[in-house]
Every structure is written in structure tokens, then in C-alpha cells.
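Asks: How does the following fold in three dimensions:
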Amino acid sequence: MKIQNNILATVLTGLLALSAQGAEVAGEWLGEFDTQVGHQKYTFNFQIEGDKLTSKADAELDGTPRKVEFTEVKLDGDTLTFVEMLKFQENDIRIEYTGKVGTNAIQFTRKVGDFATEEFAAKRVAPVVTPSAVFTNAGADNHGPGGFSRPILLGPDDKPAFADAPAGFEVARDGIAHGQEELIEYDSKTVGTKRKMTVYTPPGYSQGKKYPVLYLLHGIGGDETEWQRFVAPNIILDNLIADGKAVPMIVVMPNGRAQKNDRAEGDMFKAGPAFANFERDLLDDVIPAIEARYAASTNRADRALAGLSMGGGQSLNFGLAHLDIFAWIGAFSPAPNTKSPAELVPDSAAVTQKLKLLWLSCGNHDGLISISQGVHAYLKEKQVAHIWNVDGNAHNTPEWKNNLHHFSQQIFR
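Replies: The predicted model follows:
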């Protein structure tokens, strides 16, 4: 029995180590580099599947796309290795990758058979936040910066509430009506300057009717263009509206960094107070500007607030604090800026009475899942109705695409 226990302990230790290391590399990474055969672009996707780390990529050679499946994927400390087999002129070429993993970049050496060796960096598509004093609102237990380093431990509730979005849901379709996107400026009294936001208006938009509005917030490394660049809400909404699965709505994507220099540059964590200050900018400047310029309904029942990562935390913090403003709230893999559950929901009866939907989601390969798990557990204990959707993604673009697809169909009904 002692021998069996020792073996079990060894196995569990290995699994927990993989989970902790894998959480650092899991997600999407973009690398571009020049080779002898042309300019190459790889969007790497790393995921933990059971006790294995797997990887695949969407690759391009001078604009020509192809799918890649990697083998022999290993992570030893901060050293990542894997192999790509490439068919070239009837020959099988073995391409060996060796990478040094950092927080938001992997420095790769790519050895192409005996022909060439290339050096390049792959940058994380959605930068991962790391422990910092910026998260002074984060509570203890599952909500502190320790959530970054904890292994991913799944419970019986941590499962999908919906099947993954169907293939092609995020692909632009011909033969349907399309909405419009524009980048606009507004006067921010909160910040004392003009600021920008991206606004989507649905197909057939007319000033002759009133539309519900979804305010969509970005992550710590993003800005007013992040959703548009990585998730393309306009395409997802166009397709859903064409199929009659979503209500025609205006989608507002502001910059959640409420300070005069609101660019995502330098030490992103120093902008922590600006993300908190965005609460006033959203309520006092963004919403009034939208309702003055667009055919936006001013009814509470026609306002939704949702976001990814840092924006997911903002959505919970601001939305649950202003139930008189928002009737629909969505948090997609919320970050450690999320307040403790007891702070978020001091009055469970009020939330139950006023909120039409509270959506909470996270991927089961996301190293930040303990934050969402803590919120879900508290809501369940207090009998606050909510949707808890745990899919098979990481802290990455597929996670946010999938949940925007589902969340958009639930709101304004």
C-alpha cells in the first residue's frame, strides 16, 4: 500500500506541476518571421489535455494558409519543445522548435532539418496579467494574486452550460445583411480629454427606432479596438441576427483605461487605478454620449455590460454595483481585479430581483479559473440565479468568441 501511495503521490505531483506550468503557456501566441521560402506567420495554440500538453497552429506562408498539428510537445520548466513535420517536394522535413517561455513572449529557435535555423519571438495574443499591487481590490482565498500560480482543479459544477459554438460562427458570410463599425470620439469629463470607442450598429440600423446596447469591455493589454481585432463581434452578431438568434443591438467597445494616456504600453499594471476609474467614465460619459448620438434605448432593461479578463472583472464590479443601470451582466474569464464575492453581492435578494441575466464563464485550461469558481460558489450558496459556463478553452480568443456567441443570444429577450 505504501508503494502504491508513493506512486500515486508522484503521479499527482507531476500532474499538478504540468497544470501550473501549462497555465503559463496555455493560450494563443503569434509569431512572424522571414525564411528562405518567404514570410511565415504562426498563431500557436497550446492546451492541456489530461496529463498532456498539446499544440496546433494556424500558419501562413506569404499569405497562403494551412493548419499545423505539432507532436512531441514538452514543457520542462520554462523550456518548451515540439516538432512539426512538413511535406516539401515529396520529402518529409522535420522542424524542431525550442522555446524559452516568458510571461507574454516565447523566444524560439526553429531548426528546419539540416537546411536552416531561424530565431523569432511569439507574443501572447491576449497578454496574461501577473501578480501586482494593481489588484488591491482582490480578496483572499480564491481571489488573490495566488490564483495565477495555483493548479487548475475542476469540480463537478465546472462543465459547459452550452455546446461549443458551431463551426463557421465567426466567419463572415455572403448573402446576408451586415452591420457597420465606426471609431468615434467623445468628451470625457472624468478624464478631462477626448477619448475613443468603437461602435457597432446592426444591419438595417435606423434612427427611427430604439435599440438595446451591449457595452463590451477589453482586457488589461487591450484598448477600444481589442474586441474588433481578435474576436470580431460584428461578424458574430451579423450571423446571429441573420439567423434570428440574436436581437439587433448596438455594441459599444470603449477604452477601459480611464486616463489621459490610455494606450496599452509600458507597465500595464500601473494603469490599475485607471481601470477602476473607468466606472465613472462609463456611467457619466460613455453611456450619455452613446444615447445622445445613436438610436439607443435609455431603458435599464435594454443595457447589458460584459467583458473579457480585466473587462470581465470590471463588468462584475460595475454592473453589480449599478443594478439600476444594467439588467444583463456577462463576465468572460474575469481577472483578479474582480472584487470578492461578498463585495460583489452584498444583497442577494436585490440581484435576484433586478438582474435579468448574470453570465459567468471560464475555460477549463485557464490558470485564472479559481477566481470565477469562487464567484460561482458564492452565487450558488446565496441562491443567486446565474449561468456558469466552463468550456474547453484557456485564457484566449476562442474562449471569448464562444461566450460572446452564446451570451449575445440570451440578452434583450
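
Asks: how's this protein carved up into domains?
Replies: Following automatic domain parsing, one gets these domains for the chain: 2-124, 133-410.

Asks: Single out the most deeply packed of those.
Replies: Greatest average neighbour count among those goes to domain 133-410 (a mean of 19), per mean count of other C-beta atoms under 10 Å. (Each C-beta comes from the backbone N, C-alpha and C, glycine too.)

Asks: before we move on, the earlier item: using a markdown table, lay out the domains of the chain together with mean pLDDT.
Replies: Output for the domains of the chain, formatted as a markdown table (pLDDT from 0 to 100):
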| stretch | mean pLDDT |
| --- | --- |
| domain 2-124 | 79 |
| domain 133-410 | 92 |
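
Asks: I'd guessed residue 172 sits against residue 235; true?
Replies: Yes - assessed by C-beta atoms under 8 Å, residue 172 is found in contact with residue 235 at 5.0 Å.

Asks: Just to check, residue 295 is in contact with residue 212?
Replies: No - counting by C-beta under 8 Å, residue 212 is not a contact partner of residue 295; they are 10.7 Å apart.

Asks: and for those two, which residues touch both?
Replies: Both residue 295 and residue 212 are in contact with residue 250, where contact means C-beta atoms under 8 Å, 6 or more residues apart in numbering.

Asks: What are the boundaries of the helices in this protein?
Replies: Per DSSP state H, the chain carries helices over the ranges 2-25, 226-230, 233-242, 272-281, 287-293, 310-321, 341-344, 348-354, 369-381, 397-410.

Asks: wait, what's in contact with residue 170?
Replies: 231, 232, 235, 236, 239, 401, 405.

Asks: quick check, nearest of these to residue 56?
Replies: Here the nearest of the contacts of residue 170 to residue 56, counting by C-beta to C-beta, is residue 401; it sits at 16.4 Å.

Asks: ok, the closest one to residue 231 distance?
Replies: 5 Å (C-beta to C-beta, to the nearest Å).

Asks: With residue 159 instead?
Replies: From residue 159 to residue 231 the distance is 23 Å (C-beta to C-beta).

Asks: Then residue 407?
Replies: On the measure of C-beta to C-beta, residue 407 and residue 231 end up 12 Å apart.

Asks: pretty sure residue 123 is touching residue 27, no?
Replies: No - between residue 123 and residue 27 there is no contact under C-beta under 8 Å: 11.2 Å.

Asks: Distance to residue 206 added to the helices of the chain, as TSV?
Replies: What follows is those, written out as TSV (distance: least, C-beta to C-beta, whole Å):
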stretch	distance to residue 206
helix 2-25	47
helix 226-230	23
helix 233-242	14
helix 272-281	29
helix 287-293	14
helix 310-321	28
helix 341-344	37
helix 348-354	30
helix 369-381	38
helix 397-410	20
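
Asks: Figure out which of the ones you listed is closest to residue 252.
Replies: Nearest to residue 252, of all those, is helix 287-293, at 5.6 Å by C-beta to C-beta.

Asks: For that closest one, which outside residues touch it?
Replies: 184, 186, 187, 199, 213, 215, 250, 252, 296, 298, 303, 325.

Asks: Just list the residues touching the first one, thanks.
Replies: Which is residue 184. Per C-beta under 8 Å, 6+ apart, neighbours of residue 184: 196, 197, 198, 199, 293.

Asks: Dump the residues you listed into CSV; add distance to residue 357 as well.
Replies: Putting the contacts of residue 184 into CSV (distance: C-beta to C-beta, whole Å) gives the following:
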residue, distance to residue 357
196, 29
197, 23
198, 24
199, 22
293, 26
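
Asks: which of the contacts of helix 287-293 lies closest to residue 365?
Replies: For those, the nearest to residue 365 is residue 215 (27.7 Å; C-beta to C-beta).

Asks: For residue 386, see how far away that closest one is.
Replies: 19 Å.

Asks: do you know how far the closest residue to residue 285 other than its chain neighbours is from residue 195?
Replies: Excluding the flanking residues, the one nearest residue 285 by C-beta to C-beta, 6 or more residues apart in numbering is residue 188, at 4.6 Å. Distance, residue 188 to residue 195, by C-beta to C-beta: 5 Å.

Asks: residues shared between the contacts of the two?
Replies: 281, 285.

Asks: quick revisit: which members of the contacts of residue 184 occur in strands, if any?
Replies: 196, 197, 198, 199 (DSSP state E).
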